[in-house]
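1. Predicted model, plus sequence, below.
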Amino acid sequence: MLVQAPKQEVRSWTTDSRRWSHYKPRPGDVVIATPAKCGTTWMQQIVSLLIFQTPEPRSLQGLSPWIDHRFAPIEKVIDDIEAQTHRRFLKAHLGFDQLPIYDEVRYIHVARDGRDAFMSWHNHMSNYTAQSLATMDLMGEQDETIARPLPRAPADLREFFQTWMTQGEGARLADDMPAARFFEIERSWWKERTRPNLLLVHYNDLKADLASEMQRIAAFLDIAVDEETWPCLVEAASFEAMKRAGATLMPRAVMAWDKGADRFLNKGTNERWRDVLSAEDVARYEARVARELSPGLAGWLERGRIAAGDPHRAQD
């Protein structure tokens, strides 16, 4: 049953949240919703492994469609989803209030420190193929709310940081996933963190204890896994295993980025920003966090559940 219709519309060079109006839920569906570069593909792989309970790599782009991605005709995307007979798991780069929310659907939100997401986002934005850029330019030019080609990411990371941190009315058209949108998404999921059909997961915790986090996710999805099967599933969910299987997991990545899936699954590490951002940049980011996020959300976003505590127990 629909318990909340989308309250906000999002349209960017890659995203059109209106496409979710075509979605027809099935009991047990899983929606993985995150800002970009916060572990979306990692969570898709984990959920895929739990559903199929075998370590063999499968195409995540085929199994786990990104509904709000505006490139493919929505009719084709929905037809593909409706034809699936396994438990469905879908992808979104949207906030809670930008999606239709159903009681019978399970939602998993993955978060990451914004500075780490920024570093991965620069790699993502800087290495699009000419074909991919031309498509996004066309999407933007044809959308009357955008009406311009995709801004190109400067090679200099600190210069791009200034763009990413744009505030006010200009933020939406400064970048496809600016800090303004990143914080908006995080606030929306944090506000709903006690819902029984929502699980908050943090990138840091996946890196710190992948096996335990996978057990949390399996329990949330009511998936039982044979004890002997666990080790091979955990190994298949490691960044190293995903990197090796990248061409299978992300077969269409070769059209979007130079070096394909190897570029998309770049480093999988945190705190690279410490070698790039100046003390002034870091202070600017931290001041914005303090201004725009509650203390509980700010602590969890930076450190994760293991270090900062369970979001369910946060008072704000």
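-> The structure has been received and is ready for your questions. Numbering: from 1, shown residues only.

2. Which strand or helix spans Glu227?
-> If you go by DSSP states H and E, Glu227 is not part of any helix or strand.

3. List the contacts of it.
-> For Glu227, no residue meets the contact criterion (Cβ atoms under 8 Å, 6 or more residues apart in numbering). Bear in mind the C-beta positions are built from the backbone N, C-alpha and C, glycine included.

4. How confident was the prediction at it?
-> With respect to pLDDT, Glu227 scores 92.

5. Check Leu249 too.
-> If you check Leu249, the pLDDT there is 87.

6. What separation do you get for the closest residue to it other than its chain neighbours and Leu233?
-> Leaving aside its chain neighbours, Leu249 sits nearest to Leu60 (5.0 Å; criterion: Cβ to Cβ, 6 or more residues apart in numbering). Distance, Leu60 to Leu233, by Cβ to Cβ, to the nearest Å: 15 Å.

7. Over to Arg288?
-> Separation of Arg288 from Leu233 (Cβ to Cβ): 38 Å.

8. more neighbours, the two?
-> Neighbours per residue, other Cβ atoms under 10 Å: of Arg288 and Leu233, the larger number sits with Leu233, 23 against 16.

9. what kind of secondary structure is Val201 in?
-> Assigned with DSSP: H, G, I helix; E, B strand; the rest coil, Val201 falls in the strand class.

10. ok, it - contacts?
-> Counting by Cβ under 8 Å, 6+ apart, Val201 makes contact with 39, 43, 108-111, 213, 216-217, 305.

11. what sits opposite it in the beta ladder?
-> Assessed by DSSP bridges, Val201 has beta-bridge partners Val110.

12. pLDDT value on it, please?
-> For Val201, the pLDDT comes out at 98.

13. Just to check, Gly299 is in contact with Ala308?
-> Yes - between Gly299 and Ala308 a contact is recorded at 4.2 Å, counting by Cβ atoms under 8 Å.

14. For the stretch 1-150 of the chain, just list every one of the helices.
-> Counting by DSSP state H, counting those that start in this stretch, one finds helices in the stretch 1-150 of the chain at the ranges 40-52, 60-63, 74-83, 114-126, 130-142.

15. nearest to Ala314, of these?
-> Proximity to Ala314 (Cβ to Cβ) singles out helix 114-126 among the helices of the stretch 1-150 of the chain, at 18.1 Å.

16. any idea how far Pro196 is from Val105?
-> For Val105, the distance to Pro196 (Cβ to Cβ) stands at 12 Å.

17. of the two, who's got more company?
-> Using other Cβ under 10 Å as the criterion, Val105 and Pro196 rank with Val105 on top: 22 against 8.

18. quick revisit: could you export the helices of the stretch 1-150 of the chain as TSV, including mean pLDDT, distance to Arg11 and mean neighbour count?
-> Formatted as TSV, these follow (pLDDT from 0 to 100; distance: least, Cβ to Cβ, whole Å; neighbours: other Cβ atoms under 10 Å):
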stretch	mean pLDDT	distance to Arg11	mean neighbour count
helix 40-52	97	19	23
helix 60-63	93	22	18
helix 74-83	97	14	13
helix 114-126	91	18	22
helix 130-142	94	9	15
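
19. Out of the ones you listed, the one nearest Trp20 is which?
-> helix 74-83 (9.3 Å).

20. what separates the closest one from the chain centre, distance-wise?
-> Centre-to-centre, helix 74-83 and its host chain are 21 Å apart (Cα atoms, centre = their mean, to the nearest Å).

21. any idea how far Ile306 lies from Ala111?
-> From Ile306 across to Ala111, the span is 13 Å (Cβ to Cβ).

22. Could you tell me which residues touch both of these two?
-> In contact with both Ile306 and Ala111: His202, using Cβ under 8 Å, 6+ apart.
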